[in-house]
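Asker: Need coordinates for the below:
(chains A and B)
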Amino acid sequence: MFEQLENRLSEALRKVKGLSQLTDANMADALREVRQALLEADVSLDVVKTFIEKVKAESKGAAVLKSLSPGQQIIKIVYDELVNLLGGQKAGITMAPKGPTVILMAGLQGSGKTTSTAKLALHLQKEGYRPLLVSADVYRPAAREQLTVLGNQLAIPVCHPADTNDPLAICRKALAAMKGENANVLLVDTAGRLQVDEDLMVELEKIKKEINPAEILFVADAMMGRQAADIAHTFHQRVGITGVVLTKLDGDARGGAALSIKSVAGAPVKFCGVGEKPEQFEVFHPDRMASRILGMGDVLSLIEKAQEAADEEEAKKLERKMSAGDFDLNDFLKQLAMVKKMGPIDQLMGMIPGVKIPKGASLDNGELGRIEAIINSMTKEERRNYTIINGSRKERIAEGSGTEINDVNRLLKQFAQMKKVMKNFKKGGGMFNMPAGPGMFGR
Amino acid sequence: MDFFSRLKKGLGKTTELLAGKLVSITTGRLHLDDDLLEEIEDALIVADLGIATATGLIASLRAAVKKKEITKPDEVRPFLRKRIQEIINVPYTGTMAGAPHVILMIGVNGAGKTTTIGKLASRFAGEGKSVMVAAGDTFRAAAIEQLAEWSKRAGCEIIRHQAGADPSAVAFDAMKAAIARNKDVVIVDTAGRLHTRTNLMEELKKVRRIIARELEGAPHETLLVVDGTTGQNASAQVREFNVNIPLTGIVITKLDGTAKGGALIGIVNETKIPVRYIGVGESAEDLQPFDAAAFAEALL
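Answerer: Numbers count the residues shown, from 1 in each chain, chains lettered A, B, ... in the order given. Just a heads-up that it's a prediction; the model follows:
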């Protein structure tokens, strides 16, 4: 995601990075590149103009920081402005001060409202809330069934009053059902609508009046073009949106939509969808997204993900072992299990600064499964000391794990390399300092 | 309302943005100078034609000015209209001769595949053809039920399996049934997938392979459904899908309401794949075969 934009911007900024002196001429050059990159990324023209003006003004008036070269300073200003453009601080869900919280989801057709509604409910459930789902989409065939199926899959209660086709009546019934379901958050999915569809926009206003939501989230497709900001703006004028859910960010969309929406509609991006699975849904961090766009990598997100998944004790133990140099294949297996818990490998790799995933490389969890199978087919002794694994042992391991001898060889070679690298960084540990060399997981 | 009025109404937003802007830029200007050309280029970019297409159009405009083919600012709009019509006029050459005629629908999530199939089925049924739809989206919750509802409305048969079933098995059964029952048209739905997902592309290839194995020459049409509100990413979608599954055409949906008619020009210019149908409204009649001349006329 954001990749093409990222490449353009880092190219432009690499040019200024080395500059020891900033002149009007080389500033203008760099800023023209930035402007072009933003335009190509579907950011609306007005937003681009304002952005460039701000960076220009900031650069002129900026106090010279001793620790930064002028080039670095420009990068910092562009970064700060990007963070601003993306919404400043990260913003979560605002719960109603008292009584149940109602969250209304709205947006265009096909933006991903129903999927996002279920994903958000799962997210809130993980945070300890008790969600109830309801769909007020009476127009798209089987839209209500879709939410019901998703709710059942996730074991989240769904209110599905089959006796009415009136969105307002459905909402009333759902509100009334909250007590019986012991729920404290109601998530209301609505029909997709174009901002120019007067009847449906009036309906949305009525729904809002009926349920008095604490949050109105506008669900936007990350691939949306320059119109994203205008559309969000119209929704905002009609019902007052409080936040944005940006969907389908796992594709290669340039993400201009995210950059425009905040500055035009005034509502921050709060969450993003990053895959087809229900748990592939994240809180949106403007600062991290900005560093990612600038090619600084999303190290913070990665660490947070790791903390969520990994047993910290276990991680510390592994760390000690790594720096002591007696890391064996058993430890490697444990480490793999943790990595697997963190999510799809290709997503994780994308967060590491400097790591670009080659197109078409299969960095999937299947590859991890293969590695696990190979190690599991080894004896205890072999796992402790891999150097004893000779030809006939390899044959047995390959057969036991359903792989080829080549696969076993490759794993052992990579493991040997890894051990060598580990010896070299006894200071400053942490499992993520492990260099993810090319071919580490890929084939 | 005839189709041209529907088109004109659906594209109203884009027309406003592009034609309106061009009129306001050129009105009262005496010379076709560089400043004016730059403003026109900005207008084209804002209308989402894409940088490459906008630059190309401006280059040909500049050349025409140099050769004195056009001399006055108010000739710009007719000139661009003609050029744009040339760009988007990539005709579809296939026929409906297949027995049955098989259409495979693919696209990213939420592009409008299932809805488009519903509208197409109604359209073919209205022409007196016997239609069968295949519920090949076994992944998204309730996608099968959604298509079933559409098939009921169109009065056509549906071949469906359980949720989670293998989509190529659905395609296989649909092909067998359609051939046995002498259907005129089969439309195969598939689950939405982002064009960057290599493994999901493989699944799609398999569906296509099965269809081709069951009937020579099938699928006669492979249509990529593109959401009209998509920005510059649309061309990437067309390219990536086309590399994996050769496309015969594109369907662009949701062209009403947003000023995105311009993106269509960029897509065709960059990919040279014909636009087969466009959707400019909610009703079944709002999905129509694409007509380059009418589109350019309605736009500028």
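
Asker: where in chain A is pLDDT low?
Answerer: Applying pLDDT under 70 to chain A flags the ranges A:1-23, A:26, A:61-75, A:253-255, A:288-289, A:291-319, A:321-325, A:338-366, A:421-443.

Asker: Tell me which stretches of it form strands.
Answerer: Assigned by DSSP state E, the strands in chain A fall at A:101-107, A:131-135, A:158-159, A:185-189, A:215-221, A:243-247, A:269-273, A:281-283.

Asker: Please report how far whichever residue of the stretch 201-350 of chain A sits closest to chain B lies from residue B:187.
Answerer: Using Cβ to the nearest Cβ, residue A:225 is the residue of the stretch 201-350 of chain A that sits closest to chain B, at 2.7 Å. The way it works is simple: take the backbone N, C-alpha and C, and place the C-beta from them, glycine included. For residue A:225, the distance to residue B:187 equals 28 Å [Cβ to Cβ, to the nearest Å].

Asker: With adjacent residues omitted, what lies nearest to residue 246?
Answerer: Answering for chain A, as no chain was given. With Cβ to Cβ, 6 or more residues apart in numbering or on different chains as the measure, residue A:272 is the residue that lies nearest to residue A:246, at 4.4 Å, once sequence neighbours are left out.

Asker: You answered for a different chain; I wanted chain B.
Answerer: Among residues not flanking residue B:246 along the chain, residue B:222 sits closest, at 6.6 Å (Cβ to Cβ, 6+ apart).

Asker: Could you do residue B:37 as well?
Answerer: According to Cβ to Cβ, 6+ apart, the nearest residue to residue B:37 is residue B:58 (5.9 Å).

Asker: So what does the one you found look like in phi/psi?
Answerer: Backbone torsions of residue B:58, given as degrees, to the nearest 10, read phi -70, psi -40.

Asker: ok, now which ones touch it?
Answerer: For residue B:58, the residues meeting the contact criterion (Cβ atoms under 8 Å, 6 or more residues apart in numbering or on different chains) are B:37, B:40, B:41, B:44.

Asker: Looking at these, state which has the most neighbours.
Answerer: residue B:44 (27 neighbours; other Cβ atoms under 10 Å in any protein chain shown).

Asker: Chain B contacts on the stretch 201-350 of chain A?
Answerer: Along the stretch 201-350 of chain A, the residues adjacent to chain B under the rule Cβ under 8 Å from any Cβ of the partner chain are A:221, A:223-228, A:231, A:248, A:250-254, A:256-257, A:276.

Asker: returning to what we had before: max pairwise distance over the contacts of residue B:58: which two?
Answerer: Within these, two members stand farthest from each other by Cβ to Cβ: B:37 and B:44, at 10.6 Å.

Asker: for the residue nearest to residue B:246, which residues make a bridge with it?
Answerer: As for beta bridges, residue B:222 partners with residue B:104 under DSSP bridges.

Asker: Can you get me a residue count around it?
Answerer: Using other Cβ under 10 Å, residue B:222 is surrounded by 21 other residues.

Asker: again with residue B:179
Answerer: 16.

Asker: didn't it look like it was pressed against residue B:215?
Answerer: Yes. Counting by Cβ atoms under 8 Å, residue B:179 sits close enough to residue B:215 to count as a contact (6.6 Å).

Asker: Determine the residues that are contacts of both of these two.
Answerer: Residues within reach of residue B:179 and of residue B:215 at once, by Cβ under 8 Å, 6+ apart, are residue B:100.

Asker: Okay, and the most centrally placed residue in chain B sits in which element?
Answerer: The centre of chain B sits closest to residue B:251, judged by Cα atoms, centre = their mean, with a distance of 2.2 Å. Here residue B:251 sits within strand B:249-253, counting by DSSP states H and E.

Asker: what's the angle between the helix or strand just after that strand and strand B:249-253?
Answerer: Sequence order places helix B:261-271 as the next helix or strand after strand B:249-253, per DSSP H and E. In terms of direction (axes from the mean of the first three to the mean of the last three Cα atoms, to 10 degrees), helix B:261-271 departs from strand B:249-253 by 160 degrees.

Asker: Show me the chain divided up by domain.
Answerer: All of this is about chain A. Per automatic domain parsing, the domain ranges recorded for chain A read A:3-85, A:101-290, A:302-441.

Asker: you looked at the wrong chain, it should be chain B
Answerer: Here the domain assignment for chain B is B:3-88, B:101-294, based on automatic domain parsing.

Asker: Run a quick neighbour tally on the closest residue to residue A:147 other than its chain neighbours.
Answerer: Spatial nearest neighbour of residue A:147, chain neighbours left out: residue A:135 (4.2 Å); criterion: Cβ to Cβ, 6+ apart. As a burial measure, the neighbour count of residue A:135 was computed by other Cβ under 10 Å and equals 29.

Asker: circling back: wait, what's in contact with the residue of the stretch 201-350 of chain A closest to chain B?
Answerer: The neighbourhood of residue A:225, defined by Cβ under 8 Å, 6+ apart, consists of A:42, A:256, A:257, B:48, B:229, B:230, B:231, B:232, B:234, B:258, B:260, B:263.

Asker: closest to residue A:192 among those?
Answerer: Ranking the contacts of residue A:225 by separation from residue A:192, with Cβ to Cβ as the measure, puts residue B:229 on top at 11.0 Å.
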